[in-house]
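Engineer: prediction below, plus the sequence it came from.
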Amino acid sequence: MTPSEIKTMQARISAAGFPLVADGDWGPKSRRACQEYLRSLMLSPNPWPEPAEASLTKFYGDAGDEDYLVRLPVSGLGVQYDGAAVAGIRCHKRVAHSLGKVIAVIAASPHRGVLAYYAGCYNFRPMRGSSRISTHARGIAIDLAPDWNGNSTPWPEKATMPLEVMEMFAREGWLSAGAFWGRDAMHFQATR
Ligand SMILES: [Zn+2]
């Protein structure tokens, strides 16, 4: 994002009751206010488990167990993978309803463009550069617009994922990697 886009975002967070200086400079105070703001939008209590492996197994079952997967229909919502229309997304049955709601809300918003860059949900693989299992291995995470929101691209200084999209996920209790980890802004997951 440009400094002026960051400034607009800071003003939005500030106006929502999480005061910070809207100067276009994204520091620790902005990061904290942004996270508090997104948490304030989340369902209470948050329906999703903690991201620790044991909580995930208890709530979702074993990683890679494809018996838990369902196909969420997304036809007509503008979801595309590599330029081709996507009819369904394979995800964990416990997140399907929630994910469907978020996608419908994004599709009806001015930010629907990110759906044209859908980059995967269920994928049984370890996290890059780590032995930890990715939340994708349970079908409880989705990636959008990866070309501008990579794993080593700082958000929001370089990455482009709009705060508004993170708000839409937050209203369903989902975590946005960009706001909470400061990178990998393509990634959203159904954990606390
Ligand atoms: Zn991801």
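Structural biologist: Yep, it's here.

Engineer: which residues of the chain lie near the ion?
Structural biologist: With C-beta under 5 Å from the ion as the criterion, the chain meets the ion at residues 141, 143, 187. Using the backbone N, CA and C atoms, a C-beta is placed for each residue, glycine as well.

Engineer: tell me the one among the residues you listed nearest to residue 76.
Structural biologist: Residue 76 has its nearest neighbour among the residues of the chain next to the ion in residue 143, at 21.0 Å by C-beta to C-beta.

Engineer: wait, a strand at that closest one?
Structural biologist: Yes: counting by DSSP: H, G, I helix; E, B strand; the rest coil, residue 143 is part of a strand.

Engineer: for residue 98, helix, strand, or coil?
Structural biologist: Residue 98 is classified as helix under three-state DSSP.

Engineer: wait, it sits on residue 173?
Structural biologist: Yes: Residue 98 lies in contact with residue 173 (C-beta atoms under 8 Å); the separation is 7.4 Å.

Engineer: skipping adjacent residues, who's closest to the residue in the chain that the ion sits nearest to in space?
Structural biologist: Nearest to the ion, among the residues of the chain, is residue 187, at 3.4 Å (C-beta to the ion). Spatial nearest neighbour of residue 187, excluding adjacent residues (C-beta to C-beta, 6 or more residues apart in numbering): residue 177 at 3.9 Å.
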